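Q: Kindly generate the corresponding structure for this input.
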Amino acid sequence: MHQPTGHPRRWQILGVMVFSLLAIVLDNTILNVALKVISDPEAGLGATQGQLEWAINSYTLVFAGLLFTFGVLGDRFGRKRMLQVGMILFGLSSLASAYAQDPAQLIVARAAMGFGAAAVMPATLAIISNVFSPQERGKAIGIWAGGVGLAVAIGPIIGGLLLEHFWWGSVFLVNVPVVIVSSLLIAFLVPESKSADRSGLDPVGVLLSIVGMVGLVYGVIRGGELGTIADPEVWAPALVGVAVLAAFVRHERRTPHPAFDVRYFALPRFSTAVASIGLVFFAMMGVMFFLAFYLQIVKGFSPLMAGVLLLPFAAAQLVFSPLSTGMVKRFGAKLVATVSMLLIAATLVGYAFIQVDTPIWAFLLIMFVQGVAMASIGAPATEAVMSSLPREKAGVGSAMTNTIRQIGGALGVAILGSILSATYRDNISGSLTALPEGVRHEAGESITATMGAAQQLGAQGASLIEPAKQAFMDGMHVSAVVGAAVALLGAAVVARWLPGREKAAPPVRQPDHKEPAVV
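A: I've put the predicted structure just below:
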């Protein structure tokens with residue numbers, strides 16, 4: 001039974017949860033620095049650009065599509081059990097990725113890694129919610145959120161260090177010792193917990209959630225690959241996904257034993273917090289996408305140095321995430337969240353003024369402020385979601401939070417990336433007239449392609465370098481402004497609907513399924 005003061009080993013358990021999550025979160029960013037090596041026929045696998053994209057997207061697709069499902073299964077069969085299964089699968093599939101012999105094997109192994117990660121992510125937050133009392137839960141989630149932010153930022157640094165000393169597979173092999181240590185700690189320290197509700201599993205709802213999420217995420221990812229939403233490969237699966245998710249909502253409102261009661265979205269605290277998380281990660285992941293190209297291609301930094309330059313963001317996450325709970329207690333969630341979203345919008349506007357020759361200290365300052373804002377809204381929003389639900393639904397709540405985070409990030413990369421690509425193609429086309437007509441289209445697809453063409457042309461291609469950098473900066477500026485507009489939308493949402501300090505959250509009871517409800 002849950003103790004009023006929390007589990008006696010709750011802080012050790014929190015450390016285990018953060019450590020277990022380390023490999024999962026790192027893997028979202030660590031692969032990026034290894035892509036160039038993996039594409040090398042001699043040092044890597046000789047993967048094509050499309051195969052590299054699928055090596056990233058197969059992980060994201062499975063991860064986002066199954067998060068919600070594993071939250072439900074963890075509530076039903078035990079969160080500790082689900083966490084252990086996920087860690088073992090993640091470790092084995094990381095091993096398979098490290099020793100893949102061709103791109104197809106790597107893509108399949110990465111999908112398996114996403115499967116394991118989807119089992120781990122919701123279980124960590126659900127276990128934290130169950131071992132901590134309501135009085136300490138906000139602080140614990142703040143530490144958890146800080147660990148997530150730190151792992152995101154240091155991923156490129158670790159990847160760069162590994163590639164300087166080992167082969168490309170080391171970026172996956174590094175997960176194995178983390179999994180072994182985590183599995184032992186989980187076995188000895190973490191208590192089992194599950195929902196007291198022994199009702200049916202709602203297999204129809206679970207299936208609909210999987211199909212709907214996979215269809216929607218696939219469409220978003222494919223749109224980012226193709227740079228358009230007009231292709232049937234983009235809008236067809238996305239529309240199918242939306243239609244299936246609509247059927248999922250309808251089914252969940254009617255079934256006597258829903259996997260997730262959609263009427264919780266009628267709670268302003270829950271729905272607003274979930275929306276803010278999605279909008280924040282839309283802006284953040286979209287920005288991180290174009291910053292990688294800015295630092296490595298426009299500014300000419302190595303992958304390791306580019307990762308080091310993200311340390312101000314990591315430091316801000318580490319310091320301010322644990323402090324965010326205190327700020328919420330003093331000023332109220334509404335004010336803290338609104339100011340944080342406005343700060344995120346301001347940093348995105350700042351990126352719109354960065355130029356090719358902007359001093360690097362200005363970039364570092366913007367990154368630090370962005371990290372502070374992200375840290376200040378992440379923990380309060382997550383705590384708002386978790387505190388809006390009954391304790392026995394903790395796994396579902398954490399799964400929903402992380403699913404929205406992944407969907408928001410995928411949308412950010414796809415939409416802002418597409419805007420960047422379209423702007424770049426329009427602005428660089430006039431500088432490619434000197435190239436043979438057969439290679440102009442390919443050379444104008446991205447700054448990477450243009451730089452490759454310039455390198456092949458030797459001295460003649462030198463004239464393409466500066467126009468390519470400026471065309472990229474123009475696309476980056478447009479994308480940053482769109483991201484800022486999304487952040488402003490998030491500020492308006494939390495300012496309007498997130499409860500303030502003066503409103504204490506009422507106790508939540510299970511809705512009566514016999515009464516119809518409007519969501």
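Q: Give me the phi and psi for residue 231.
A: Note on residue 231: its backbone torsions stand at phi -70, psi 140 [degrees, to the nearest 10].
Q: And the strand or helix carrying residue 465, what's buried?
A: Secondary structure assignment for residue 465, by DSSP states H and E: helix 465-497. Of the residues in helix 465-497, those buried under the neighbour-count criterion (16 or more other C-beta atoms under 10 Å) are 465, 467-480, 482-484, 486-491, 493-495. Using the backbone N, CA and C atoms, a C-beta is placed for each residue, glycine as well.
Q: just stretch 105-112 next, same as before
A: Neighbour count says stretch 105-112 has 106, 107, 108, 109, 110, 111, 112 buried, by 16+ other C-beta under 10 Å.
Q: Looking at these, which are in strands?
A: Residues from the buried residues of stretch 105-112 lying in strands, with DSSP state E as the criterion: none.
Q: Now, the residues you listed that are in helices?
A: Cross-referencing those against helices under DSSP state H gives 106, 107, 108, 109, 110, 111, 112.
Q: Correct me if wrong: residue 431 contacts residue 465.
A: No. When contacts are counted by C-beta atoms under 8 Å, residue 431 is not listed as touching residue 465 (10.0 Å).
Q: Poorly predicted segments of the stretch 1-150 of the chain, please.
A: In the predicted model of the stretch 1-150 of the chain, residues 1-7, 28, 35-36, 39-42, 48-53, 145-146, 149-150 satisfy pLDDT under 70.
Q: oh sorry, the question was meant for the stretch 151-300 of the chain
A: 152-153, 195-201, 221, 223-228, 259-261.
Q: now do 90
A: Within the stretch 151-300 of the chain, the stretches with pLDDT under 90 are 151-175, 177-178, 182-183, 185-235, 237-238, 241, 245, 248-249, 251-300.
Q: Report the central residue of this protein.
A: Closest residue to the average C-alpha location of the chain: residue 406 at 4.3 Å, with C-alpha atoms, centre = their mean.
Q: which residues touch that residue?
A: By C-beta atoms under 8 Å, 6 or more residues apart in numbering, the residues touching residue 406 are 60, 63, 64, 67, 217, 281.
Q: The first one: which element?
A: The one in question is residue 60. Residue 60 belongs to helix 49-77, assigned by DSSP H and E.
Q: List the buried residues of that helix.
A: Going by neighbour count (16+ other C-beta under 10 Å), the buried part of helix 49-77 is 51-76.
Q: Next one, pLDDT for the closest residue in space to residue 376 that isn't next to it in sequence please.
A: Nearest-residue entry for residue 376: residue 340, 4.3 Å, with adjacent residues in sequence omitted and distances by C-beta to C-beta, 6 or more residues apart in numbering. In this model, residue 340 is scored at 90, pLDDT.
Q: what does the one 5 residues further on give?
A: pLDDT recorded at residue 345 is 92.
Q: Might one say that it is in contact with residue 492?
A: No. Between residue 345 and residue 492 no contact is recorded; they are 10.5 Å apart, counting by C-beta under 8 Å.
Q: Give the residues shared as contacts by the two.
A: Shared contacts of residue 345 and residue 492, defined by C-beta under 8 Å, 6+ apart, are not found at any residue.
Q: who's in contact with residue 280?
A: Residues counted as contacts of residue 280 (C-beta under 8 Å, 6+ apart) are 341, 344, 374, 377, 378, 381, 408, 487, 490.
Q: mind listing which of those are in helices?
A: With helices defined by DSSP H, the entries of these inside them are 341, 344, 374, 377, 378, 381, 408, 487, 490.
Q: so can I have TSV of the contacts of residue 280 showing distance to residue 420?
A: Supplementary listing: the contacts of residue 280 in TSV, determined by distance: C-beta to C-beta, whole Å:
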residue	distance to residue 420
341	22
344	19
374	21
377	25
378	25
381	27
408	18
487	17
490	21
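Q: From those, keep the buried residues only.
A: Judged by neighbour count, with 16+ other C-beta under 10 Å as the criterion, the buried members of these are 341, 344, 374, 377, 378, 381, 408, 487, 490.
Q: What sits closest to the fourth one if chain neighbours are left out?
A: With C-beta to C-beta, 6+ apart as the criterion, residue 377 has its nearest non-adjacent residue at 3.8 Å, and that residue is residue 340.
Q: Go ahead and confirm the one you found touches residue 370.
A: No. Taking contact to mean C-beta under 8 Å, the distance of 10.3 Å between residue 340 and residue 370 leaves them out of contact.
Q: Who has more neighbours out of those two?
A: Counted by other C-beta atoms under 10 Å, residue 340 and residue 370 do not tie: residue 340 has more neighbours, with 28 against 24.
Q: Would you mind measuring from that one to residue 424?
A: From residue 340 over to residue 424 the distance is 31 Å, taken as C-beta to C-beta, to the nearest Å.
Q: Repeat that for residue 140.
A: When C-beta to C-beta is the yardstick, residue 140 and residue 424 sit 43 Å from each other.
Q: same question, residue 211
A: With distances taken as C-beta to C-beta, residue 211 is found 35 Å from residue 424.
Q: So for the two, which sits in the more crowded spot?
A: residue 424 (27 against 18).
Q: Pull the contacting residues for the more buried one.
A: Residues near residue 424 by C-beta under 8 Å, 6+ apart: 444, 446, 447, 471, 472, 474, 475.
Q: In contact with the residue lying closest to it once chain neighbours are set aside, which residues are there?
A: Setting aside the residues directly before and after it, residue 424 is nearest to residue 475 in space (C-beta to C-beta, 6+ apart), at 4.3 Å. By C-beta under 8 Å, 6+ apart, the contact set of residue 475 is 290, 419, 420, 421, 422, 423, 424, 427.
Q: rerun at 10 Å
A: 290, 293, 416-417, 419-428, 446-447 (C-beta atoms under 10 Å, 6 or more residues apart in numbering).
Q: Out of those, show me where the pLDDT dips lowest.
A: Within the contacts of residue 475, the minimum per-residue pLDDT falls on residue 446 (71).
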